[in-house]
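> Sharing a model prediction with you, sequence too.
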Amino acid sequence: MNRDGTRKSIWQEKSKIVSAEPALEEWYDVAVVGGGITGISTALRLQKAGQKCIILEASNIGFGTTGGTTAHLNDFFDTTYAQAIKDFGLQNAKLLKYVGIESKNIIRNNIREFNISCDFQSKPGYLFALDDEQEKKLDAILEGAAQVGHSMVQTADTPFPFAFKKAAVIPDQAQFHPLKYIRSLAEAFIRLGGVLVENCLCESHDENEECVVLQSTKGTVTARSVIYATHIPPGINMLHFMNAPYRSYAIAFRLKGDYHPKELGYDLAEPYHYYRTQQINGESLLIAGGEDHKTGHADNTVECFSKLENYVRQHFDVDTAVYSWSSQYYEPVDGLPYIGVLPGSKGKIFTATGFRGNGMIFGTITSQILGDLILTGSNKYQRLFDPGRIRPITGFTNFVKEQAAVVWDFVKDKVFAEKVKALSELSEGEAKVVKWEGESYAVYKEKEGKLHLLKSKCPHAKCEVRWNSAEISWDCPCHGSRFTVEGKVLTGPSVKNLLRIEL
């Protein structure tokens, strides 16, 4: 399966789904835009309930973050229970506890019902504090877990090779192979009568009193309800100002010797590092992740891989780095996802975004939340994750910081473009945003000398794109849209390509 980057992830050995090219029908109960774990899980849930559903995927299933995840399945989150208690109250924090538990149960039930072989394994997770500051964080995490009744116990020993100050073990966590899982879900969806259309970009929607009309590259689709499972919805919406795009890096290593930790591990650094193992082609590999940064805000993204590799080699006895890849996620300003009716919608368009680093869990619980909202009109989590929630205090500092960064991106990019004098300054294999006769362009020169010239403004909100040297892509620092060197959309919210200038 292809994904939204030039680097191959550990999961891409799995072949593409094989299905006939379906013809688009005039009417569906639900149209789901996006073929990752969120979209496929939700479409399957609704199709099982008797709804007539279609999935529209711009590339192939698993092309986005599902194909780039490290696939940890845990019931503790990047937003800790201590933080959730502080910002949302104890009762809501207790409700949040059940999200991870129920998501894992949904995955287990799907595996059992559809006889899915996806390397699912239950195993403990370990949190470890490596210095005094991290120890304070762990103390707060343990206290918050105890308040909501989540099982998390201090331990004097871990299987990970770190000299830690304090550590905790969390039982009954899990991992799986995400592409094997969603491929099987997609096959079950099709067997139940669902329609899956790949290489079909949804370009726009028109919501009226009776239905939503979608315009796509393969025709018009009309549905009673629409779900945008696209990581963040297209268009210009308040959610684009309540979520910030980030990139995370992962490397899979061959291991030396017979011993290596088989459990899940997480430190408490900023940004934190995380670890697990995976059997691929009969070989056990260590997957390490970290070095996160806001999309478009690293001067040298290749250096992020180097930093991660050097850090891992300091602590683990590893051999070759077999796979290395990066992936995108969105940070919500108040720490919790937005799952429900799209703000500004008349109630027929739904969305799910802001999953932080917990996409497999929140993507799965979306199937329950949006499934219930469409089928019955209510769900126990709907208020907690309501995209229309307004919290003037919680997350306000982060909101100001993130939006100030967006404004600075407009200014900084214009100043940067002015400094570059001509296309001739490019070396082979180099890329820059350049100023040429009063216009800004994104220019990439291949090693053979061929130039790719694009208008540098992202079609979504007119920010200047920036070069990602690790994934050979143009990334928008404002809302996370990403493009190939030819200008083709890799990642939304943009649904339009960068304008290509033929030379």
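Yes, it's here. Because the structure is a prediction, the values reported are computed rather than measured.

> Just the local confidence number for the residue lying closest to Asp132 once chain neighbours are set aside, please.
In this structure, Asp132 finds its nearest non-sequential neighbour in Lys165, 6.8 Å apart by CB to CB, 6 or more residues apart in numbering. Glycine gets a C-beta too; all of them are placed from N, C-alpha and C. Predicted confidence (pLDDT) for Lys165: 96.

> how close does Lys165 get to Tyr126?
Applying CB to CB, to the nearest Å, the value for Lys165 to Tyr126 is 14 Å.

> more neighbours, these two?
A direct count of neighbours by other CB atoms under 10 Å for Lys165 and Tyr126 places Tyr126 higher, at 23 against 16.

> and after the worst-scoring helix or strand of the chain on mean pLDDT, which helix or strand comes next?
Using mean pLDDT, DSSP states H and E, the weakest-scoring helix or strand in the chain turns out to be helix 396-419, at a mean of 48. Moving toward the C-terminus from helix 396-419, the next helix or strand (DSSP states H and E) is strand 431-436.

> That next one: partners in the sheet, and parallel or antiparallel?
Paired strands of strand 431-436, with direction, are strand 439-445 (antiparallel) (DSSP bridges).

> burial of Arg108, as a residue count?
14.

> Name the helix or strand for it, please.
Using DSSP H and E, Arg108 sits in helix 90-113.

> Ser122 now?
Element membership of Ser122 [criterion: DSSP H and E] is strand 121-129.

> which parts of that strand are buried?
Of the residues in strand 121-129, 121, 124-129 count as buried by neighbour count, 16 or more other CB atoms under 10 Å.

> So what's the model's average confidence on the next helix or strand after that strand?
The C-terminal neighbour of strand 121-129 among helices and strands, as given by DSSP H and E, is helix 132-148. Mean per-residue pLDDT for helix 132-148: 97.

> And helix 132-148, what does it pack against?
Here helix 132-148 touches helix 81-88, helix 90-113, strand 121-129, strand 166-175, going by 3 or more CB pairs under 8 Å, 6 or more residues apart in numbering; DSSP states H and E.

> So this protein: which segments form each domain?
As assigned by automatic domain parsing, the chain contains the domains 10-68+179-241+335-375, 120-173+244-331, 416-501.

> got these as a markdown table, with distance to Asn110 columns?
Output for the domains of the chain, formatted as a markdown table (distance: least, CB to CB, whole Å):
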| stretch | distance to Asn110 |
| --- | --- |
| domain 10-68+179-241+335-375 | 6 |
| domain 120-173+244-331 | 10 |
| domain 416-501 | 26 |
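
> Highest mean neighbour count out of those domains?
domain 10-68+179-241+335-375 (a mean of 21; mean count of other CB atoms under 10 Å).

> Quick one: end-to-end distance for that one.
End-to-end distance of domain 10-68+179-241+335-375 (CA to CA, to the nearest Å): 37 Å.

> lowest-confidence stretch among the domains of the chain?
Note on these: lowest mean pLDDT is at domain 416-501, with a mean of 79.

> how distant is that domain from the center of its chain?
Relative to its chain's centre, domain 416-501 lies at 23 Å (CA atoms, centre = their mean, to the nearest Å).

> Equivalent analysis for stretch 246-261, please.
Centroid displacement of stretch 246-261 relative to its chain, using CA atoms, centre = their mean, is 20 Å.

> could you dump it to PDB, C-alpha only?
The C-alpha trace of stretch 246-261 is given here as PDB (Å, rounded to 0.1, in the frame of the first residue of the first chain):
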ATOM      1  CA  TYR A 246       2.700  18.000  13.900                       C
ATOM      2  CA  ARG A 247       5.000  15.500  12.500                       C
ATOM      3  CA  SER A 248       6.500  12.500  14.300                       C
ATOM      4  CA  TYR A 249       9.400  10.300  13.200                       C
ATOM      5  CA  ALA A 250       9.800   6.500  13.500                       C
ATOM      6  CA  ILE A 251      12.600   4.000  12.700                       C
ATOM      7  CA  ALA A 252      12.500   0.200  12.800                       C
ATOM      8  CA  PHE A 253      15.800  -1.500  13.700                       C
ATOM      9  CA  ARG A 254      17.200  -4.900  13.400                       C
ATOM     10  CA  LEU A 255      18.400  -6.100  16.900                       C
ATOM     11  CA  LYS A 256      21.600  -7.700  17.900                       C
ATOM     12  CA  GLY A 257      21.700 -10.600  20.400                       C
ATOM     13  CA  ASP A 258      18.800 -12.600  21.700                       C
ATOM     14  CA  TYR A 259      17.400 -10.200  24.300                       C
ATOM     15  CA  HIS A 260      15.200  -7.200  23.500                       C
ATOM     16  CA  PRO A 261      12.200  -5.700  25.300                       C
END
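
> now the helices for this protein?
With DSSP state H, the ranges of helices along the chain come out as 37-48, 81-88, 90-113, 132-148, 178-191, 301-315, 359-375, 396-419.

> any chance of these in TSV, plus distance to Ser456?
Putting the helices of the chain into TSV (distance: least, CB to CB, whole Å) gives the following:
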stretch	distance to Ser456
helix 37-48	31
helix 81-88	38
helix 90-113	40
helix 132-148	40
helix 178-191	33
helix 301-315	18
helix 359-375	29
helix 396-419	7
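
> mind checking how far the residue nearest to Pro171 when sequence neighbours are not counted is from Ser103?
Nearest residue to Pro171, sequence neighbours excluded (CB to CB, 6+ apart): Pro124, at 5.2 Å. Counting by CB to CB, the gap from Pro124 to Ser103 is 18 Å.

> Also Pro22?
Distance, Pro22 to Ser103, by CB to CB: 29 Å.

> now do Ile227
Taking CB to CB, one finds Ile227 at 17 Å from Ser103.

> same deal with Leu46?
17 Å.

> my read: Glu207 touches Gly344, true?
No - look at Glu207 against Gly344 with CB atoms under 8 Å: they stay out of range, at 9.3 Å.

> Please give me every residue in contact with Gly344.
237-238 (CB atoms under 8 Å, 6 or more residues apart in numbering).

> these two touch, right, Thr320 and Ala252?
No - Thr320 is beyond contact range of Ala252, at 9.7 Å (criterion: CB under 8 Å).

> just checking, Ile193 touches Gln47?
Heads up, residue 193 is Gly, not Ile. Yes - counting by CB under 8 Å, Gly193 does reach Gln47; the two are 6.6 Å apart.

> Can you pull the residues that touch both of the two?
Counting by CB under 8 Å, 6+ apart, Gly193 and Gln47 have no shared contacts at all.

> Show me where the stretch 151-300 of the chain has its strands.
153-155, 166-175, 195-197, 202-207, 212-216, 219-228, 243-255, 264-267, 274-280, 283-294 (DSSP state E, counting those that start in this stretch).

> if we compare those, which one ends up closest to Asn74?
For the strands of the stretch 151-300 of the chain, proximity to Asn74 was assessed by CB to CB; strand 166-175 is nearest, at 4.6 Å.

> circling back to that earlier point, identify whichever of the strands of the stretch 151-300 of the chain lies nearest to Lys488.
Nearest to Lys488, of all the strands of the stretch 151-300 of the chain, is strand 202-207, at 13.8 Å by CB to CB.

> Pull the distance from that closest one to the chain's centre.
22 Å.

> Just checking: what are the partner strands of it?
Here, using DSSP bridges, strand 202-207 pairs with strand 212-216 (antiparallel).

> Quick one: work out the angle between the strand it pairs with and strand 219-228.
Angle, strand 212-216 to strand 219-228, by axes from the mean of the first three to the mean of the last three CA atoms, to 10 degrees: 120 degrees.
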